[in-house]
Structures are given as structure tokens and as C-alpha cells.
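S.K.: pasting the sequence and the predicted coordinates here, then a few questions.
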Amino acid sequence: EYARMLIEELGFDGLRFDFVKGFGAWMIGLLAKYRYVKDGKEFTPFIVGEYWSGAEDIDHWLDRVNKLTDTQIAAFDFPLRYKLKNVCDTPHYDLRNLTDDGAVVMKRPLHAATFVDNHDMGDNAIVNDKMMAYSFIMVHEGYPSVFWYDYYNNGLARPGTPNGIDALISAHHKYAGGDSQILHADPDLYIMQRVGWKDDSTEQPGLIYVLNNLGNQWSGTSVKTKWPNQKFAPIAWDGHDTAHPDERTTDGEGNSEFPAPPRGFAIYAPV
């Protein structure tokens, strides 16, 4: 009855279940499959569970809970969050660690709720170059969440600029559609494309994302994208140098070089 009130009367779109290690998956199954009605129509809520553990444990929990539901349950991606903390706070962290299936979003992107920090992190909060982490979750698959404390109290929203969370949210909604494809990965440079998608009413044309781990220089390399003879404009960027990146144009085979600022990122969108 309480869950029904939250969804039907108060207008929430979903539920977050705290400490799901502490009770049976069947409980979430019951509340997920209840036939909620909003605006006269049957409504399926978004549901995410907090299973604070490693990738294998989260994977097993998702298997259990999704057998009892219509596979709409997500889990917070703690393994990815700790990788992103290393990207931000550990010098010379190897960016190739972002490419394996040790994160929920890489193995089960439809069931990943990605995040950078939350109210539980305390002394484990990310303290350096946090926008690098936010840029990663906002362009990849999964269901990214923004910590209100970073947005408001830490001043990372930066409205009206291309350097903050607001610009990443815009990039996420307008461009970050379709599969993720890694185009390049070495210890200090990571480049990915979202290939885009569209239907009769909606389009997200895709993007190029560059993450640069070097602290003293802009860095990029030539990659082969899916777009031949295509112009790209930078739509969001940040780092230890916030100079405006240049537009890029691919050749007839889709190749071009895409740079990012030192200890920062750049997102390029087709125009």
C-alpha cells in the first residue's frame, strides 16, 4: 500500500531499495510487479537496488531478482564507481581498466545505475578532477545519477558553460544513444563512440567521447568512427585547460583525431 501511494498518489516514477543484502529478492519482485496505475494507464516503475559489493555478487543478485520480475530491476554500479575514483584520485591509473566487464555497465548495461558519489561515501568521496568521472557515466549506457551535493554544494553544475554537469546532462539527453563502441584505449587515453539511434519520434545521433589521463598536455589520436565525411563540434569539455576544442571532420573512411584537455574530457557531436 505504501509503494502504491508513492507511485500513484505522490507521482514518483520509481523506487530505490536500500541494503538489498538484508532481505529476500521476492520482496522486490512483489513490489515491482504490482499493477500500478498512473493517469488511467498501467505503469511500470523504474527500480534500483543498493547491493554494495563486487561485480560478481551484484551479477548474482540481479539474476535472482530479475527472475521474479520483468527484468526491469537495476543495481547501483559500485565496481564502476571505484574504478572512477581511481581515475580521479590515483596518479597514472591505467584507463584500460575501464574496458573490462568488471563493471555492471560493461556487462549488463540495461541493469546498471551508474554514479560518482553518494551520501554514504564519506571519507571515500572523490576529491580530484571529479568531472572526469561524471563525464564517463553521462555518455555511456546505464542509468546515470547525479549526486545533489556535487551539483549544488560543490558547484559542479556550472550552468551556461560547456564545463559542468549541466552540459553533460544535455549531451546525455540529446546525443548519447545507441551502442557504446571503444575506439581506442591505452593507459592514458580512452576514446569511445555512441553510434546513435532514432525512431519515428526521437533521435539521439551519437557522439565521440575522449578521456585524457595526462596531466600536462592535450592528448588525442586518430580513430576510425562510423561517420565518413562528417563534421563534429565540441559540446562539452573540462580539464586542467578549458580552452575551446576545435571542430573536427572525418575523412571518407570515418577517420579523424579527437583531442581532450589534460586530466579532462571532451565530447564531440555530429553537426
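M.R.: Cool, the structure landed. Numbers count the residues shown, from 1 in each chain.

S.K.: drop to CA atoms for contacts and neighbour counts, all remaining ones
M.R.: Fine.

S.K.: tell me the spacing between the spatially closest residue to residue 204 that is not a sequence neighbour and residue 242.
M.R.: Beyond its immediate neighbours in the sequence, the residue positioned closest to residue 204 (C-alpha to C-alpha, 6 or more residues apart in numbering) is residue 175, lying 4.4 Å away. Residue 175 sits 22 Å away from residue 242 when distances are taken as C-alpha to C-alpha, to the nearest Å.

S.K.: what about these two, which has more around it?
M.R.: Summary of the neighbour comparison: residue 175 and residue 242, criterion other C-alpha atoms under 10 Å, with residue 175 having more neighbours (24 against 15).

S.K.: contacts only, for the more buried one.
M.R.: Contact criterion C-alpha atoms under 8 Å, 6 or more residues apart in numbering gives 196, 203, 204, 205, 206, 207, 269 as the residues in contact with residue 175.

S.K.: I'd say the first one and residue 178 touch.
M.R.: Just to be clear, that refers to residue 196. Yes. Under the criterion of C-alpha atoms under 8 Å, residue 196 lies in contact with residue 178, with a separation of 4.3 Å.

S.K.: intersection of neighbour lists for these two?
M.R.: 204, 206.

S.K.: the two: who's more crowded?
M.R.: Of the pair residue 196 and residue 178, residue 178 is the one with more neighbours under other C-alpha under 10 Å, namely 19 against 16.

S.K.: name the element that one belongs to?
M.R.: When secondary structure is defined by DSSP states H and E, residue 178 falls outside every helix and strand.

S.K.: roughly how far apart are it and residue 6?
M.R.: In this view, residue 178 and residue 6 are 32 Å apart by C-alpha to C-alpha.

S.K.: ok, now residue 210?
M.R.: Residue 210 sits at a distance of 40 Å from residue 6 (criterion: C-alpha to C-alpha).

S.K.: one more: residue 259?
M.R.: Relative to residue 6, residue 259 is positioned 46 Å away (C-alpha to C-alpha).

S.K.: of these two, which one has the most company?
M.R.: Shown here are residue 259 and residue 6; by other C-alpha under 10 Å, residue 259 has more neighbours (24 against 14).

S.K.: for the more buried one, what are its contacts?
M.R.: For residue 259, the contacting residues are 210, 218, 219, 220, 221, 245, 266, by C-alpha under 8 Å, 6+ apart.

S.K.: just the buried positions in the helix or strand where it lies, please.
M.R.: Applying DSSP H and E as the criterion places residue 259 in strand 255-260. Residues of strand 255-260 classed as buried: 255, 256, 258, 259, 260 (neighbour count, 16 or more other C-alpha atoms under 10 Å).

S.K.: how about CSV for these, with distance to residue 93 and pLDDT added?
M.R.: Conversion of these to CSV gives the following (distance: C-alpha to C-alpha, whole Å; pLDDT from 0 to 100):
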residue, distance to residue 93, pLDDT
255, 28, 98
256, 26, 98
258, 21, 98
259, 19, 98
260, 17, 98
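
S.K.: residue 224 and residue 255 touch, don't they?
M.R.: Yes. When contacts are counted by C-alpha under 8 Å, residue 224 is listed as touching residue 255 (4.3 Å).
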